[in-house]
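Q: Following is a predicted model, sequence given first.
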Protein chains: 2
Amino acid sequence: MAKKETFAISPLRESDFPGWYQQVIKAADLAENSPVRGCMVIKPWGYGLWENLQAQLDKRIKETGHENAYFPLFIPLSFLEKEAKHVEGFAKECAVVTHHRLEEKDGKLIPTGELEEPLIVRPTSETIIGESFSKWVNSYRDLPLLINQWANVVRWEMRPRVFLRTAEFLWQEGHTVHSTQEEAFEETIKMLGVYKEFAENVLALPVIAGEKSEGERFPGASNTFTIEAMMQDGKALQAGTSHYLGQNFAKGSNIQFSNKNGNMEYAYTTSWGVSTRLIGGMIMVHGDDDGMRVPPRVAPKHLVLLPITPGKNQEKDDQVLDQVQKLAVELRSCSFDGQPIRVHIDKRDRGGGEKNWEWIKKGIPLRVELGPRDLDSGTVMVARRDKGHRDKLKMPFDELKEKVSTLLEEIQENYFGQAKEFRDQNLETGLKTREEFESYFKKTDGRVGFVRAKWCEDPETEEELKKLKVSVRCLPEDQSGTVGTCILTGKEAKTDAIFARSY
Amino acid sequence: MAKKETFAISPLRESDFPGWYQQVIKAADLAENSPVRGCMVIKPWGYGLWENLQAQLDKRIKETGHENAYFPLFIPLSFLEKEAKHVEGFAKECAVVTHHRLEEKDGKLIPTGELEEPLIVRPTSETIIGESFSKWVNSYRDLPLLINQWANVVRWEMRPRVFLRTAEFLWQEGHTVHSTQEEAFEETIKMLGVYKEFAENVLALPVIAGEKSEGERFPGASNTFTIEAMMQDGKALQAGTSHYLGQNFAKGSNIQFSNKNGNMEYAYTTSWGVSTRLIGGMIMVHGDDDGMRVPPRVAPKHLVLLPITPGKNQEKDDQVLDQVQKLAVELRSCSFDGQPIRVHIDKRDRGGGEKNWEWIKKGIPLRVELGPRDLDSGTVMVARRDKGHRDKLKMPFDELKEKVSTLLEEIQENYFGQAKEFRDQNLETGLKTREEFESYFKKTDGRVGFVRAKWCEDPETEEELKKLKVSVRCLPEDQSGTVGTCILTGKEAKTDAIFARSY
């Protein structure tokens, strides 16, 4: 009889997905809750993911002509009020700075030095950046203005969850100004495309790009576009958004320019952002019951070298360590994705099994063991994180150097392929009636995923969906153009929509 | 008679240094004041400097074994109180978050949802990081713990000044934990050395490294070390600090470990940081009366290509633009300092003189003009920012490609050499008496710089120095070891000290 398979993470994905998610974060040492309500501590392995993600996205943002800048953390309360829907959307969950000193009174420190106008810790920066833009933009010659900011933002979340919904999170926010509607709209779509390409090629996350319905728009936007990814519990994660803001914020912040005829016009603006939430998405798409699986392109380390030094023969052990050191140098001179291979040597004085499992849980793409016997044969044992943990391949040193880049490429492609297969298998396109729709989302056996169906775009139906805890995730960009009947109302409908539960 | 030289910046350095500083920041488009009191907006050219500075320092921080992580923006008030001197030092100038909602009342938004415990926006993160460290550290096997964070911090400044003293600024803060005093002290000194090497080799800022006197220590530190740079007005800028914290913060945050004998011990910690203030330092050290001069190693762009298209002959103009494009591609394939040359093409429809002066003011290292006549001769006109603005060199295309890296290297070295010469010329080492010392700092003709003299280290003398607006900048690491008399008290003194006015 085959040995019963055991796993490193408990609970398993199938039995308790949210519990599994928390345990993966802990087991992979990615992040932890902090004593500050709703704020997280991003630990080195998690922050390393963010740094690589950031580097690769930053490159794309710059290649499309944007420049980075930095704007204040604080927004005067009155600024937030410049766009009516905007303040409505963000006033309910914000950190408010009211004082600028602490003084001792009766042995207790209390806030003093009350500010004349309270400051809001930025939940997003349209209004404070708009203030600068109104000064920077004078003539059509100053346009387009293409700016990006990497920053921390704060939204007071009532039900925080590490990486997915935290009071403070890290993100980038692009803010651009254009002289025409067409150009601003084009920019919005262009950045949506950058996000899709980046999510798929770098993070190995297959996403559906499309427009948000009215009820899901960014507060103050004319149109919001999104990329939506399917998690392994079938729920959707909004992984990035790009907003066409029309003249709404330009009017609020008075961003005007003199056009070629010398007349003053309000400009057209956009904004777009992705955040540390993407790390949560990678965990929920790529993780398995043994922990995290990190896509090689953003892995803090590509490969760990695990020397096996039994401690019986000091000379042999030293030779193993020497050989590992040499191998590290040679591997670092190889490259993957245009960068040197990131190699870690784990020399810690702990058991081989313990160390091996630590790296499995962290999801490093390649584990390479080298022990005394391998010295004679000139080989190493190579284990890939996309294969079973017992599945190790004996390989001559030189072959590893030759193949390391290909191995990483294969792992990257496998993760994407597996995620895409899962997504496609759980994308239901055959539902015809509201009854079928409701029973799909109420079913208790089998997985509830995404439904793609015709929708009449009636805002009232969005309210009704809330009862099912379902929402319109997007109107996908690959509209079929056919006419059919709305799955919710039975009315004639042209629009294809994606419906799902979501994070 | 020679034509009177005119300059791009007014006022000149000699007549009004603070006024000149503000104008350089404006002319070089580095940053601007924001409507949020004391906060600055870092514009793309200024932020580009920060990004390059960050990349180069981050590399050094990682090469010395540190990993990046990220900790919360907010610190619960009670945490700040964990170290008595620390809270005293930071409570007087901090942003206090007291509410987490806004609600409309009588048509006005007011803060609601009062927090049970106010949160402080981090002025520095010893206490909040210490909380995590107390959980991460259990055994001597967990040590050393070597962590760095890139973040924004807030200190409520009463007299803010762009880059030098702003309410919000960007920085890195290293935080490390060690099992012995010796190792923690070694780490403190090692990072001081990293800062010195980085300031000198990357930012071209000659600095004096040394220990701070008791009166200038970081609140809560056992020892504070500093690198001090001389600005062109002779004042000192504290450009980076490294603190040995002893067990002070470990006791406050309860960072204990079980040692090799199984006994619990408080750990020894360090912290060290540099900030966007370094950009202010580069302006005040390298800038001249024509604006900023950017050290090539941190220049957002190394070289600007300025096509001259007179508009009389479209075909010729197109050829010029073509040639410029080709040259850009070829120059980008050359490298400086291990990185591709950063080339910008300025095709804007503005006058050649106007564009040229813009780039002079921004301080780009190399300006390269190419016009219709240069096409025939196969040459370009090359101007270096470290030479006079009329000083242009005709150079064949190929020669520029061959020499570009050397030219940048020369400019980098020149900036450092000039700054070092200035510093050495304004370092007064010949003063013998208190009278001479006082008249040196009171003199109205000639520049007041740094004084190096013997000091008895009596804390009372530090108070007296305040009347002269002078402070002990540091006890330089290259102590002579000789015995002499204290320049302030006449008592016997062994310690060499650097005295100066400061920012």
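A: Good, I have the coordinates.
Q: How is chain A divided into domains?
A: Chain A breaks down by automatic domain parsing into domains covering A:17-286, A:301-409, A:427-500.
Q: So what would you say the end-to-end distance of the second one is?
A: What it means is domain A:301-409. Start and end residues of domain A:301-409 are separated by 14 Å (C-alpha to C-alpha, to the nearest Å).
Q: now the longest strand along chain A: mean pLDDT?
A: Looking across chain A with DSSP state E, the single longest strand is strand A:108-121. Taken as a whole, strand A:108-121 has an average pLDDT of 94.
Q: just the helices in the stretch 301-450 of chain A please.
A: Counting by DSSP state H, counting those that start in this stretch, one finds helices in the stretch 301-450 of chain A at the ranges A:314-332, A:352-362, A:372-377, A:397-425, A:434-442.
Q: closest to B:Glu492 out of those helices?
A: Closest approach to B:Glu492 among the helices of the stretch 301-450 of chain A is made by helix A:314-332 (53.2 Å; C-beta to C-beta). Every C-beta, even on glycine, is put in place using the N, C-alpha and C of the backbone.
Q: picking that back up, just put the domains of chain A in a markdown table and tack on distance to chain B.
A: Shown next, in a markdown table, are these (distance: least, C-beta to the nearest C-beta, whole Å):
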| stretch | distance to chain B |
| --- | --- |
| domain A:17-286 | 4 |
| domain A:301-409 | 8 |
| domain A:427-500 | 23 |
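Q: Give me whichever of those domains is most buried.
A: Counting by mean count of other C-beta atoms under 10 Å in any protein chain shown, domain A:17-286 has the highest mean neighbour count of these, with a mean of 21.
Q: Span of that domain from start to end?
A: One end of domain A:17-286 to the other measures 13 Å (C-alpha to C-alpha).
Q: Report the distance from it to the chain centre.
A: The chain centre lies 12 Å from the centre of domain A:17-286; the measure is C-alpha atoms, centre = their mean, to the nearest Å.
Q: Also stretch A:334-352?
A: The chain centroid and the centroid of stretch A:334-352 are separated by 25 Å under C-alpha atoms, centre = their mean.
Q: which other residues reach that stretch?
A: Stretch A:334-352 is contacted by residues A:296-297, A:299-308, A:321, A:324-325, A:328, A:331-333, A:355, A:359, A:364, A:369, A:401, A:404-405, A:408-409, B:141 when judged by C-beta atoms under 8 Å, 6 or more residues apart in numbering or on different chains.
Q: ditto for stretch A:47-61
A: Where contact means C-beta under 8 Å, 6+ apart, the residues beyond stretch A:47-61 that reach it are A:30, A:42, A:68, A:148, A:150, A:170, A:172, A:174, A:194, A:197-198, A:202-203, A:274, A:276, A:278-279, A:282, A:294, A:297-301, B:67-70.
Q: same deal with stretch A:384-403?
A: Contact partners of stretch A:384-403, identified using C-beta under 8 Å, 6+ apart, comprise A:290, A:293-294, A:327, A:330-331, A:334, A:356, A:360, A:363-369, A:377-383, A:407, A:410-411, A:414-415.
Q: Backbone torsions only: list them for A:Arg159.
A: The phi/psi pair for A:Arg159 (degrees, to the nearest 10) reads phi -120, psi 70.
Q: and the gap between it and A:Arg37?
A: Going from A:Arg159 to A:Arg37 by C-beta to C-beta, to the nearest Å gives 11 Å.
Q: With A:Val320 instead?
A: Taking C-beta to C-beta, one finds A:Val320 at 48 Å from A:Arg37.
Q: Neighbouring strands of whatever helix or strand A:Arg473 lives in in the sheet, and parallel or not?
A: Assignment of secondary structure by DSSP states H and E places A:Arg473 within strand A:471-476. Looking at strand A:471-476 with DSSP bridges, its partner strands are strand A:207-211 (antiparallel), strand A:495-500 (antiparallel).
Q: from the chain's centre, how far out does it sit?
A: Strand A:471-476 sits 18 Å away from the centroid of its parent chain (C-alpha atoms, centre = their mean).
Q: any idea how far the helix or strand following that strand is from the chain center?
A: On the C-terminal side of strand A:471-476, the nearest following helix or strand under DSSP H and E is strand A:484-485. Here the centre of strand A:484-485 is set off from its chain's centre by 34 Å, with C-alpha atoms, centre = their mean.
Q: What's the mean pLDDT across strand A:484-485?
A: In this model, strand A:484-485 carries a mean pLDDT of 96.
Q: Over the next helix or strand along the chain from it, what's the mean pLDDT, rounded is fine.
A: Moving toward the C-terminus from strand A:484-485, the next helix or strand (DSSP H and E) is strand A:492-493. Across strand A:492-493, the average pLDDT comes to 97.
Q: check contacts around A:Ile25.
A: Going by C-beta under 8 Å, 6+ apart, A:Ile25 touches A:Ala31, A:Glu32, A:Gly46, A:Val162, A:Phe163, A:Ile283.
Q: Serialize the residues you listed to TSV and add fields for pLDDT and secondary structure.
A: Below are the contacts of A:Ile25 laid out as TSV (pLDDT from 0 to 100; DSSP: H, G, I helix; E, B strand; the rest coil):
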residue	pLDDT	secondary structure
A:Ala31	98	strand
A:Glu32	97	strand
A:Gly46	98	helix
A:Val162	97	coil
A:Phe163	98	coil
A:Ile283	98	helix
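Q: and for the helix or strand of chain A with the lowest mean pLDDT, what are the contacting residues?
A: Lowest by mean pLDDT, DSSP states H and E among the helices and strands of chain A is helix A:84-90, with a mean of 82. If you take C-beta under 8 Å, 6+ apart as the criterion, helix A:84-90 is touched by A:80-81, A:120, A:123-124, A:126-127, A:155, A:218-220, A:249, A:252, B:102, B:109.
Q: What's the first helix or strand after that helix?
A: Helix A:84-90 is succeeded, C-terminally, by strand A:96-105 (DSSP H and E).
Q: What strand or helix carries A:Val274?
A: Assessed by DSSP H and E, A:Val274 sits inside strand A:268-275.
Q: okay, that strand in PDB with CA atoms only?
A: What follows is strand A:268-275, C-alpha atoms only, in PDB (Å, rounded to 0.1, in the frame of the first residue of the first chain):
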ATOM      1  CA  TYR A 268      -8.000  65.000 -18.900                       C
ATOM      2  CA  THR A 269      -6.400  62.800 -16.200                       C
ATOM      3  CA  THR A 270      -5.800  59.100 -15.500                       C
ATOM      4  CA  SER A 271      -4.600  57.100 -12.500                       C
ATOM      5  CA  TRP A 272      -3.600  53.500 -12.100                       C
ATOM      6  CA  GLY A 273      -2.100  51.300  -9.400                       C
ATOM      7  CA  VAL A 274      -1.100  47.900  -8.100                       C
ATOM      8  CA  SER A 275      -0.100  47.100  -4.500                       C
END
